[in-house]
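Colleague: Here is a sequence together with a model predicted from it:
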Amino acid sequence: MIGMVIIAHGRLASESKQAIEHVMGELPLLAAIDVINSDASDHLYDEMSTVIKQCDTGSGVLVFVDMFGGTPCNIALGSLGDHACEVISGFSLPSLIKAATLRKSSRNLAEIAAQSIQAGHQYMRQLSEDTKKGLRL
C-alpha cells in the first residue's frame, strides 16, 4: 500500500489527518507533520525523512503540502531525490480522500497524484454560481 504524509503550517497537517480519519476511519501508513516553527528546517528535513521511511512499505509515498513555495513544500521537495514519493501542493480533504481510496488498489504514485489533484479541483465550487445554474448537491 502506498503511504501518505501530510505536512503543513500550524496544525493543519494533524487536523487534516484527524478530519480524513473522521470520514474514513483509522488509516494505516498515514502521518502528519505540523510546521510550527519554520526556523527549525534541519530538524524538519530529518523528521520528514524518518516519517517517509515509516510510511513506505515499498510502494512509495504521497506527500501532501498545504501551499507551493512555503516551508512545508520546501521540506517535502528536499525528499524527492532521497525517497520514492510524489509531492502534491494545495491539498484539500477531497484530494486526501481520493488518494486514501485509490492507494489500496494502485501502486502508481503519479496516477494517484493526478487523480487526487483532479478530485481537489472537482470539489472546489462557487456555490452561488452553481445554484444559479440549477445545480444541486
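Modeller: Thanks, I have the structure now.
Colleague: Where does pLDDT dip in this structure?
Modeller: 38-39, 130, 136-137 (pLDDT under 70).
Colleague: Do a quick rundown of the strands in it.
Modeller: Under the criterion DSSP state E, the chain contains strands at 3-9, 30-35, 61-65, 85-89.
Colleague: how about JSON lines for those strands, with mean neighbour count and distance to A19 added?
Modeller: Where C-beta positions appear, they are placed from N, C-alpha and C, glycine not excepted. Output for those, formatted as JSON lines (neighbours: other CB atoms under 10 Å; distance: least, CB to CB, whole Å):
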{"stretch": "strand 3-9", "mean neighbour count": "25", "distance to A19": "10"}
{"stretch": "strand 30-35", "mean neighbour count": "21", "distance to A19": "11"}
{"stretch": "strand 61-65", "mean neighbour count": "28", "distance to A19": "12"}
{"stretch": "strand 85-89", "mean neighbour count": "21", "distance to A19": "17"}
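Colleague: Which of the ones you listed sits closest to L135?
Modeller: Between L135 and the strands of the chain, the tightest spacing by CB to CB is seen for strand 85-89, at 27.1 Å.
Colleague: which residues are contacting that closest one?
Modeller: Among residues not part of strand 85-89, those counted as contacts by CB atoms under 8 Å, 6 or more residues apart in numbering are 5, 52, 56, 60-68, 73, 76-77, 79-80, 95, 99, 109-110, 112-113, 116-117.
Colleague: if you set the cut-off to 6 Å instead, what comes out?
Modeller: Residues outside strand 85-89 that contact it (CB atoms under 6 Å, 6 or more residues apart in numbering): 60-65, 68, 73, 76, 79, 109, 113.
Colleague: Distance to R125 added to the strands of the chain, as TSV?
Modeller: Conversion of the strands of the chain to TSV gives the following (distance: least, CB to CB, whole Å):
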stretch	distance to R125
strand 3-9	22
strand 30-35	26
strand 61-65	21
strand 85-89	20
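Colleague: just to revisit the earlier point, spatially, which two of the contacts of strand 85-89 are the most separated?
Modeller: Greatest spacing in the contacts of strand 85-89, by CB to CB: G60 and F68 (20.8 Å).
Colleague: who's more crowded, the two?
Modeller: G60 (21 against 13; other CB atoms under 10 Å).
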